[in-house]
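Participant: Here is a sequence with its predicted model. Questions after.
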Amino acid sequence: MRYTRGFIPTIKEVPKEATNTSHVLLLRGGYVRQVGAGIYELLPLGLRVLHRIEGIVRDEMDRAGAQEVLMPALLPSEYFQETGRWDSFGDTLIRLKDRKGGEYNLGPTHEEIITDMVRRDVKSYRQMPLNLYQIQMKFRDEPRPRAGLLRCREFVMKDAYSFDIDEAGALTSYAQMRDAYHRIFKRLGLAYRIVAADSGAMGGSTSAEFQVLAQSGEDAIAACTKCDYAANIEVATAAFKADVAPDAAAMQASLKIHTPGAGGIEDVVKFIGKGLTPAHMLKSLVYTAGLRHVMVVVRGDHQVHELKLARLLKVDAVHLASDADVKSVTGASVGFAGPVGFKGDVFADHAVANVLNAVTGANESDHHLTNVNYGRDFKAELADLRTVAAGDACPECGAALDLYQGIEGGHIFILGTHYSAKMGATFLDEKGAEKPIIMGCYGIGVSRLIAAAIEQHHDENGITWPLAIAPYHVIVTPLGKEDAIREAAEKVYTSLLAAGVEVILDDRDERPGVKFKDADLLGIPLRITIGQKSLAQGKVELKKRTEKDAVLVDIDACAAAVRTLVTEAGAVLRGGSA
RNA sequence: CGGGGCGUAGCGCAGCCUGGUAGCGCGCACGGUUCGGGACCGUGAGGUCGGAGGUUCGAAUCCUCUCGCCCCGACCA
């Protein structure tokens, strides 16, 4: 394409609404424009990148035996009502009415529709396994859209749905999708980790997330520095010593001490001194879960993970009890609660059981107890209740865990019969028995990956696209208006087109600096610069976006050289197949 | 939903406190000089100051309401 014919409105100044890197560069590079909060339009370059990503996803989905379908975005309310999600989805569901007053919603995800599609025509075990996928817009009224393409109200998503006759078949489908996802993320050129995940409200069991590593990620993940263990912080656990309870002989007599005004862990450590560390204290918190209050005990240097607590208590959410409730339940003001003598349910993190002669609140204002030991002085239900921290021991191998930020790029999980049972999607097995179909669901946030890729691939001058998803592979930059330069540029451009690579010719009447700045901002992986000096020797400069220096190449050989680089990177050639 | 910030030319901003006929930089158009990392000089076009109502002789500026956008938090299949 010729730059002068293109619609690539780059901007020098940083748009004020953009705060994170990918958002800034997408706007500055003329890839996207904002239409409303969480609503964007893709300009030609942005759409090309989206198509590149979609192409890789389609290729791998098809290779894994899935077939593409297109589902409606406008859904009659009966579908979501059938599974109860018309209500449970809440305000996130975008609802509308037609002229006759009929109720509809825009699809935030399509389990109901695909299940309906399948239940109409799949009646026999012979018709499975089956895997259908879609790549299309999904709509969610996010409470807070943000960060450009990373969290939108309207976004392109790939969702695949598998249908199997039994658990084993579903696990096979799941494994195939997992393998396909590994190929996809590798081909996209992204650094990622597959992590254990919470299956959330989708009603699933086995599940994993594909997290694209990036500073700006919304998700925290814990990954082992030695083995393959990696998990979303929502489910990550640290190894604990279950059978190394403190030696009873080492336990000392418990004493009540006066600690006026020293409520928090740090206050007590400072007050008592004498080498006391937070790890030798027990933090006791009162939580409200539904109608009841419970006490949760973790080591002083640990944090309670409320989601884990909520799961343990089988409630949607828990929150810290009010000061008044704490007082009425423990008899002491906030900061002096403790498990010893507490009348009520006590839940403690595993690590609590290992602390010898701990210090904790006495359930009496301005007082603490010393030498408190689990088992001897109090009992509690032990569970994994804390947030994993960097340096904790890996539950698989014991090595140190490290914490990363990640952007959820994909999520795969087995749904089981959650939808099929509710919607009567059943089949007859070989014995003629009617059974619900076992389903799985596999999503990739396609438009989000455009931004995720930039979060990972950029420098101070702009984007540095991996070849596989760049809008163009190479940009030809002639310097000067002399006939010889112009003719050489045309010749190179034509030869690149003939070689099947995606090329953009910067034929603008601009000074070199402007062309270089724009080329860097756009992030085109390869640049061929045609200047007077090298051209006199029959050569042009070939430079990688990520490298500082260019190499001189014979003008007649540059197309082949570019083609080789593109092919080696696994990028798709014009009209070619992967 | 709670807290904070911002809406003035295509973009980034000043002007507002202390009312008096709207300005700067970039970009854009034209002319000239330049030409290997966002050139320079000159000329010019472009704004119902987010919207509605109010106060006033007079409102970008003061008051009320409203809409939109951004950030932090809650939330996030």
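Facilitator: Right, received. Where do you want to start? Residues are numbered from 1 along each chain as shown, chains lettered A, B, ... in the order given.
Participant: CA only for contacts and neighbour counts going forward, please
Facilitator: OK.
Participant: just for chain A, where's the confidence low?
Facilitator: A:198-205, A:241-246, A:316, A:575-578 (pLDDT under 70).
Participant: The closest residue to A:Ala433 other than its chain neighbours: what secondary structure?
Facilitator: Nearest non-adjacent residue to A:Ala433, counting by Cα to Cα, 6 or more residues apart in numbering: A:Phe427, 8.0 Å away. In three-state terms, and counting by DSSP: H, G, I helix; E, B strand; the rest coil, A:Phe427 is strand.
Participant: What separation is there between A:Phe427 and A:Phe516?
Facilitator: 61 Å (Cα to Cα, to the nearest Å).
Participant: ok, those two, which is more surrounded?
Facilitator: Between A:Phe427 and A:Phe516, counted using other Cα atoms under 10 Å, A:Phe427 has the larger neighbour count: 22 against 16.
Participant: give me the element the most centrally placed residue in chain A is part of.
Facilitator: What sits nearest the mean C-alpha location of chain A, by Cα atoms, centre = their mean, is A:Glu408, with 0.9 Å. Element membership of A:Glu408 [criterion: DSSP states H and E] is strand A:401-416.
Participant: I'd like the distance from that strand to the chain centre, please.
Facilitator: 6 Å (Cα atoms, centre = their mean, to the nearest Å).
Participant: wait, what's in contact with the residue of the stretch 251-400 of chain A found nearest RNA strand B?
Facilitator: Residue of the stretch 251-400 of chain A nearest RNA strand B, by Cα to the nearest atom of the strand: A:Ala317 (6.8 Å). Applying Cα atoms under 8 Å, 6 or more residues apart in numbering to A:Ala317 gives the contacts A:Ala289, A:Glu306, A:Leu307, A:Ala310.
Participant: tell me the two of those residues that are most distant?
Facilitator: A:Ala289 and A:Leu307 (11.5 Å; Cα to Cα).
Participant: Could you tell me which residues touch both of these two?
Facilitator: A:Ala317, A:Val318.
Participant: What sits closest to A:Asp62 if chain neighbours are left out?
Facilitator: A:Asp62 sits nearest to A:Glu68 (Cα to Cα, 6+ apart), 7.9 Å away.
Participant: A:Ser77 now?
Facilitator: A:Tyr104 (4.7 Å).
Participant: okay, now the one you found: neighbour count?
Facilitator: 21.
Participant: I'd assumed A:Ala73 was in contact with it.
Facilitator: No. Applying Cα atoms under 8 Å as the test, A:Tyr104 and A:Ala73 come out as separate, 10.0 Å apart.
Participant: coming back round to it: so what's the residue nearest to A:Ser77 up against?
Facilitator: A:Leu74, A:Leu75, A:Pro76, A:Ser77, A:Arg95, A:Leu96, A:Lys97, A:Asp98.
Participant: what pairs with it across the strands?
Facilitator: A:Tyr104 forms beta bridges with A:Pro76, A:Leu96, as assigned by DSSP bridges.
Participant: who's in contact with stretch A:266-274?
Facilitator: Counting by Cα under 8 Å, 6+ apart, residues outside stretch A:266-274 touching it are A:Thr259, A:Ala262, A:Leu276, A:Thr277, A:Pro278.
Participant: my guess is the last one contacts A:Ile265, does it?
Facilitator: Yes. With contacts counted by Cα under 8 Å, A:Pro278 reaches A:Ile265, the gap being 6.4 Å.
Participant: Look at these two and report which has more neighbours.
Facilitator: The residue with more neighbours, out of A:Pro278 and A:Ile265, is A:Ile265; 23 against 18, by other Cα under 10 Å.
Participant: Against A:Phe271, how distant is the more buried one?
Facilitator: 10 Å.
Participant: what comes up buried for stretch A:319-327?
Facilitator: A:Leu320, A:Ala321, A:Asp325, A:Val326, A:Lys327 (16 or more other Cα atoms under 10 Å).
Participant: A:Gly263: what secondary structure?
Facilitator: coil.
Participant: Which residue does the stretch 301-450 of chain A have closest to RNA strand B?
Facilitator: A:Gly443 (5.6 Å).
Participant: residues in contact with that residue?
Facilitator: By Cα under 8 Å, 6+ apart, the contact set of A:Gly443 is A:Met157, A:Lys158, A:Asp159, A:Ala160, A:Gly410, A:His411, A:Ile412.
Participant: my hunch is that it is in a helix, does that hold up?
Facilitator: No. Assigned with three-state DSSP, A:Gly443 falls outside any helix and is strand.
Participant: Which strand residues bridge the nearest residue to it once chain neighbours are set aside?
Facilitator: Spatially, and ignoring its direct neighbours in sequence, A:Gly443 is nearest to A:Asp159 (4.3 Å; Cα to Cα, 6+ apart). Residues in a beta bridge with A:Asp159, per DSSP bridges, are A:Gln134, A:Gly443.
Participant: residues touching A:Asp159, list them.
Facilitator: A:Asp159 touches A:Tyr133, A:Gln134, A:Ile135, A:Cys441, A:Tyr442, A:Gly443, A:Ile444, counting by Cα under 8 Å, 6+ apart.
Participant: So if we follow the domain assignment, how does chain A break up?
Facilitator: Following automatic domain parsing, chain A resolves into domains at A:31-197+A:411-455, A:248-383, A:464-568.
Participant: and the stretch 51-200 of chain A, which residues reach RNA strand B?
Facilitator: By Cα under 7 Å from any atom of the strand, the residues of the stretch 51-200 of chain A that approach RNA strand B are A:Phe89, A:Pro108, A:Thr109, A:Glu142, A:Pro143, A:Arg144, A:Pro145, A:Arg146, A:Ala147, A:Gly148, A:Gly200.
Participant: Drop anything exposed from the residues you listed.
Facilitator: Burial by neighbour count, judged by 16+ other Cα under 10 Å, picks out A:Pro108, A:Thr109, A:Glu142, A:Pro145, A:Arg146, A:Ala147, A:Gly148 from these.
Participant: Not counting its neighbours along the chain, what's nearest the last one?
Facilitator: Nearest residue to A:Gly148 in three dimensions, chain neighbours excluded: A:His23, at 4.9 Å (Cα to Cα, 6+ apart).
Participant: Shouldn't the one you found be within a helix?
Facilitator: Yes. Counting by three-state DSSP, A:His23 is located in a helix.
Participant: Please report the distance of it from RNA strand B.
Facilitator: Counting by Cα to the nearest atom of the strand, to the nearest Å, the gap from A:His23 to RNA strand B is 9 Å.
Participant: is it true that that residue touches A:Arg146?
Facilitator: No. Counting by Cα under 8 Å, A:His23 does not reach A:Arg146; the two are 9.6 Å apart.
Participant: Overlap in contacts, A:Pro278 and A:Ile265.
Facilitator: By Cα under 8 Å, 6+ apart, the residues touching both A:Pro278 and A:Ile265 are A:Gly300.
Participant: these two touch, right, A:Ala569 and A:Ala470?
Facilitator: No. Applying Cα under 8 Å, one finds A:Ala569 not in contact with A:Ala470, separated by 11.4 Å.
Participant: Compare those two (neighbour count), which wins?
Facilitator: Using other Cα under 10 Å as the criterion, A:Ala569 and A:Ala470 rank with A:Ala470 on top: 26 against 14.
Participant: Name the nearest residue to the more buried one, ignoring sequence neighbours.
Facilitator: Closest to A:Ala470 by Cα to Cα, 6+ apart is A:Val49, at 6.0 Å.
Participant: And for A:Val474?
Facilitator: Closest to A:Val474 by Cα to Cα, 6+ apart is A:Leu526, at 4.5 Å.
Participant: Identify the bridge partners of the residue nearest to A:Ala433.
Facilitator: A:Lys435.
Participant: List the contacts of it.
Facilitator: A:Val122, A:Lys123, A:Ser124, A:Tyr125, A:Ala433, A:Glu434, A:Lys435, A:Pro436, A:Ile437.
Participant: That's all I had, so thanks and see you.
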